[in-house]
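> What follows is a predicted protein model with its sequence.
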Amino acid sequence: MKIAVSGKGGAGKSTVAANLLFCLKERCLPAFAIDADPDTNLGLVLGLDPEKVAALPPLSELQEVIMEKNAGGGAFVDLNPPVDDILEEYVLRDGTIRFLKMGRIKQGGSSCYCKESAFLNAVLNSVLLDRPEAVVMDMSAGIEHLTRGTARGVELMLVVVEPTRAGVSTALAVDRLASDLALPRVLFVGNKIRSQADADYLRASLPPERIIAMLPFSEKVLERARQADGRAFGREDMIPGMEEVFEKICGGG
Ligand SMILES: Nc1ncnc2c1ncn2[C@@H]1O[C@H](COP(=O)(O)OP(=O)(O)O)[C@@H](O)[C@H]1O
Ligand SMILES: [Mg+2]
């Protein structure tokens, strides 16, 4: 299953992504955990070693590799260089999970822009369209790393949304971007729900048939965020209800 997770900053994207990845890991299913949010924190939410996470270079900053993959520089841009070596080398492993960071795409106009984005696009092409492993991609609300091409590989986008006006407005904006990219399936996940009124608010504000879950606000989840980084993610860290979400979208495997 190839899943992208998006939503407003703070909504719980990285937490939901880490929950899905934990379910995959527990079932010994190989998966890529892709941190594609410029406001990167998936590695820490997953409980990876903070020093290793900090030391892992984002793919967008691998200047030498990027030049090499683009056939030795010059004006030529190789649109689909092989990247399997990258998926071995520039990752952190945790059981069946391979974690990698995309990094920021620089603005158009900078001299390396074309080669960098061609390289990142090649990596996404590979994991989303060629490789058999599952993918869970943690993305900002701008979903800027996806193109119409790579979006074809995303089977499901989950939009995490808190029951606030700003949360809903961002979720609807993500939904429009996803529709521009022709993503086949976009579902909403209500998160940090504390009352019936919260749930009712989201049902009234979003297409109700596309809300897959209303996840409760959980003190335990928040407590984990207060603890020192680097503690392994365990069953007790799951948001109540996430296991059922995983079963619904991955059909038990
Ligand atoms: N269901 C929840 N209950 C309580 N706290 C939550 C829940 N989901 C996420 N959080 C907390 O909200 C904060 C933001 O979550 P995070 O996943 O980092 O958001 P994002 O990646 O969307 O910016 C974190 O401190 C996280 O622990
Ligand atoms: Mg995050």
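Now that the structure is in, tell me what you want to look at. Ligands and ions are numbered 1, 2, ... in the order given.
> which parts of the stretch 151-253 of the chain sit against ligand 1?
By C-beta under 6 Å from any ligand atom, the part of the stretch 151-253 of the chain that sits against ligand 1 consists of 191-192, 215, 217-218, 221-222, 225, 239. (Glycine included, C-beta is placed from N, CA and C.)
> Most neighbours of all those, which one?
Neighbour counts for those were taken using other C-beta atoms under 10 Å; the highest belongs to residue 191, with 28 neighbours.
> hang on, it packs against residue 159?
No. Counting by C-beta atoms under 8 Å, residue 191 stays clear of residue 159, with 10.2 Å between them.
> that older thread, greatest separation within the residues of the stretch 151-253 of the chain next to ligand 1: which pair is it?
The most widely separated members of those, counting by C-beta to C-beta, are 215 and 225 (15.1 Å).
> tell me which parts of the protein are close to ligand 2?
Contact residues, the chain versus ligand 2 (C-beta under 5 Å from the ion): 13-14, 41.
> again, 6 Å this time
For the chain, the residues found near ligand 2 under the criterion C-beta under 6 Å from the ion are 13-14, 37, 41, 138.
> of those residues, closest to ligand 2?
The nearest member of the residues of the chain next to ligand 2 to ligand 2, counting by C-beta to the ion, is residue 14 at 3.3 Å.
> Which residues are in contact with the closest one?
When contacts are counted by C-beta atoms under 8 Å, 6 or more residues apart in numbering, residue 14 touches 37, 41-42, 45, 138.
> rerun at 6 Å
If you count contacts by C-beta atoms under 6 Å, 6 or more residues apart in numbering, residue 14 has them with 41-42, 45, 138.
> Scan the residues you listed and report the most crowded one.
In terms of neighbours by other C-beta under 10 Å, the contacts of residue 14 top out with residue 138 at 30 neighbours.
> gap between whichever residue of the stretch 101-250 of the chain sits closest to ligand 1 and residue 10?
Proximity to ligand 1, evaluated over the stretch 101-250 of the chain using C-beta to the nearest ligand atom, is greatest for residue 225 at 3.4 Å. In this view, residue 225 and residue 10 are 11 Å apart by C-beta to C-beta, to the nearest Å.
> what about the longest helix in the protein?
The helix spanning the most residues in the chain, taking DSSP state H as the definition, is helix 165-180.
> elements contacting that helix?
In terms of contact count using 3 or more C-beta pairs under 6 Å, 6 or more residues apart in numbering; DSSP states H and E, helix 165-180 is assigned the packing partners strand 156-161.
> Name the residue closest to the centre of the chain, please.
Among the residues of the chain, residue 138 comes closest to the average C-alpha position under C-alpha atoms, centre = their mean, at 1.6 Å.
> you'd agree it is in a strand?
Yes. Judged by DSSP: H, G, I helix; E, B strand; the rest coil, residue 138 forms part of a strand.
> which ones are touching it?
Listed by C-beta under 6 Å, 6+ apart, the contact partners of residue 138 are 5, 13-14, 17, 35, 37, 42.
> Among those, which ones are in helices?
Where these overlap with helices, as defined by DSSP H, the overlap consists of 13-14, 17, 42.
> Which entries in those residues are shared with the contacts of ligand 1?
13-14.
> Residue 134: which of the ones in helices among the contacts of residue 138 is nearest?
Lowest distance from residue 134 to the ones in helices among the contacts of residue 138 (C-beta to C-beta) belongs to residue 17, with 11.8 Å.
> Touching, that closest one and residue 5? I think so.
Yes. In this structure residue 17 lies within contact range of residue 5 using C-beta atoms under 6 Å: 4.6 Å.
> Can you give me the distance of residue 30 to residue 130?
Taken as C-beta to C-beta, the span from residue 30 to residue 130 is 14 Å.
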